[in-house]
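Q: Attaching a predicted model along with its sequence, questions to come.
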Amino acid sequence: MSIEAEQNAFPAQVDQQVHFQPPQLAVIVPSYNERGNIELLYEKVAIALGNTSWEMIVVDDNSPDGTAEAVNELSQVYPNIRCLRRFGRRGLASACVEGMAVTAAPYVVVIDADLQHDEAILPEMLAQAIGGADLVVGSRFIAGGSAGAGLSERRLSGSRLATRMAGMIAGQAVSDPMSGFFLIRREAALAAAPRLASDGFKILIDLIVTSARMGKPLAVAEVPYTFRPRHAGESKMNPLVVIQYGGLWVSKLTNGLLPPSFLLFGLVGGTGVVVHLAMLGLFTAALGQGFLLSQVAATLIAMTWNFVLNNNLTYADRKLRGVRLIKGLLSFFAICALGGIANISVAHAIYQFDQQTLVAGLAGAVMSSVFNYAVTRAFTWK
């Protein structure tokens, strides 16, 4: 049967059932433990957008509080909300990208689930994008905007510092590059997506820098709003997020030479050195063991320490569990042992060349760190 004949044979009543108005805007909501906020957020966004055709995609990292179930219950009432539930993956940046990838809407907006962002400015943001802007940022720091009661003095100071740091790599004037509230053309977002850091907490600055370095700088507009206190639940801001941002900043500053997770991997390695020395002292001084036995025990304990921290922090988005955890630990041991050999080989070669102990030792340490990071990322946490 020809395609034309098949189309003619398609039942009219079914055609009427599947007819719908495609969304012009997709509201992407990354979430983790936000059950108490989702319904109210949906209602506020619905009021703000009025007759605009839109959909809400909640990207939930398998929240234990039942956020996904709450979204699914809402979807039985409202046809334009759905949940993308992720298993074994974590992270705001990757959640945003996955949400953008599953919609056909020409424009996407990222908004937090905690109701701190002012949904009332969504129509103006969309109008700016339709008028020609590639990216529209909800800004707390331009005329008419304010951090309001949404940030403590300490967090406001930290946000200002992070904003100044972001300005060093943005390449263009953006008053609030740390904003988590922005609207972007879906095509522009997906063009940059393959080069974005998947383990970051702040995706906006990554989008700006990455797009510019691809030769596709974004035309940016800003709309002011007042940042509000969180409605329910707990903030996700913690020291790990700060370190992740530092890693992203270093990565973009070095034009991608150092991946964002390398900084955290290196910091974990630094704590491992402290653990190693502490265990060596414990076994030799307190337990009276010989140096060789003590060194072997201290090395194994320090490597286990590093593995556990990296599994829970550096690679939280691909955390190993069960049998894979044991296999991962064994592969980590093997790779770090090879890294140690690389350390000694490089350090010895450089020492033989210029007899500089410090230079040789540092070069060996850097070599083994880079080797361990690259190989464990490729094999242990692949």
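A: Received it, and whenever you're ready, just let me know what you need.
Q: Residue ranges in the stretch 251-382 of the chain under the pLDDT threshold?
A: Applying pLDDT under 70 to the stretch 251-382 of the chain flags residues 251-252, 254, 256-258, 317, 343-344, 346-348, 351, 353-365.
Q: So which residues of it form helices?
A: 260-281, 291-309, 322-354, 357-375 (DSSP state H, counting those that start in this stretch).
Q: if I look at the residue nearest to L49 when sequence neighbours are not counted, how far off is V97?
A: Spatial nearest neighbour of L49, chain neighbours left out: L122 (5.9 Å); criterion: CB to CB, 6 or more residues apart in numbering. For the C-beta atoms, the positions are set from N, CA and C on the backbone; glycine is no exception. According to CB to CB, to the nearest Å, L122 and V97 sit 21 Å apart.
Q: Tell me which of the two has more neighbours.
A: Each of L122 and V97 has its neighbours counted (other CB atoms under 10 Å); L122 has more, 27 against 22.
Q: dump the residue contacts of that one.
A: L25, V27, V45, A48, L49, V109, L183 (CB atoms under 8 Å, 6 or more residues apart in numbering).
Q: what about the second one, is that helix, strand or coil?
A: Just to be clear, that refers to V27. strand (DSSP: H, G, I helix; E, B strand; the rest coil).
Q: Give the bridge partners for it, please.
A: When assigned by DSSP bridges, V27 has beta-bridge partners M56, V109.
Q: That one is in contact with A113, isn't it?
A: No. Assessed by CB atoms under 8 Å, V27 is found out of contact with A113, at 10.6 Å.
Q: Point out where the stretch 1-150 of the chain drops to low pLDDT.
A: Short version for the stretch 1-150 of the chain, where the test is pLDDT under 70: 1-20, 148-150.
Q: Secondary structure element holding L183?
A: Taking DSSP states H and E as the definition, L183 sits inside strand 182-185.
Q: Can you list the neighbours in contact with whichever helix or strand comes after that strand?
A: Beyond strand 182-185 on the C-terminal side, the first helix or strand identified by DSSP H and E is helix 186-192. Helix 186-192 is contacted from outside by 26, 97, 100-101, 103, 105-108, 134-135, 206-207, 210-211, 214, 216, 218, using CB under 8 Å, 6+ apart.
Q: average model confidence for helix 186-192?
A: The pLDDT scores in helix 186-192 average 94.
Q: May I see the buried residues of that helix?
A: R186, A188, A189, A192 (16 or more other CB atoms under 10 Å).
Q: now the helix or strand following it and helix 260-281, what's the angle there?
A: Remark: after helix 186-192, the chain's next helix or strand is helix 204-213, criterion DSSP H and E. Inter-element angle recorded for helix 204-213 and helix 260-281: 120 degrees (by axes from the mean of the first three to the mean of the last three CA atoms, to 10 degrees).
Q: which helices and strands sit right next to helix 204-213?
A: strand 135-139, helix 153-170, helix 186-192, helix 239-253 (3 or more CB pairs under 8 Å, 6 or more residues apart in numbering; DSSP states H and E).
Q: so which of the helices of the stretch 251-382 of the chain comes closest to L126?
A: helix 260-281 (30.8 Å; CB to CB).
Q: That closest one - contacts with which helices or strands?
A: Where contact means 3+ CB pairs under 8 Å, 6+ apart, helix 260-281 is packed against helix 239-253, helix 291-309, helix 357-375.
Q: contacts for the strand holding L183?
A: Outside of strand 182-185, the residues within contact range by CB under 8 Å, 6+ apart are 25, 106-110, 122, 125-126, 128-129, 134-138, 204, 207, 218.
Q: Buried among those? Make that a ChimeraX selection.
A: Filtering those down to the buried ones (16+ other CB under 10 Å) takes a single ChimeraX command:
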select :25,107,108,109,110,122,125,126,128,129,134,135,136,137,138,204,207,218
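Q: what about the residue lying closest to W381 once chain neighbours are set aside, distance to A197?
A: Take W381 and drop its neighbours on the chain: the residue closest to it by CB to CB, 6+ apart is Y315, 4.2 Å away. Using CB to CB, Y315 is found at 13 Å from A197.
Q: what's the answer for G132, then?
A: Applying CB to CB to G132 and A197 gives a distance of 28 Å.
Q: Settle it for me: which of the two has more neighbours?
A: The neighbour comparison of G132 against A197 (other CB under 10 Å) goes to A197, with 22 against 8.
Q: since we're on R90, how many residues are nearby?
A: The burial count for R90: 16, using other CB under 10 Å.
Q: in a helix, that's where it is, yeah?
A: No. Under three-state DSSP, R90 falls outside any helix and is assigned coil.
Q: That one contacts D61, doesn't it?
A: Yes. Look at R90 against D61 with CB under 8 Å: they come within range, at 5.0 Å.
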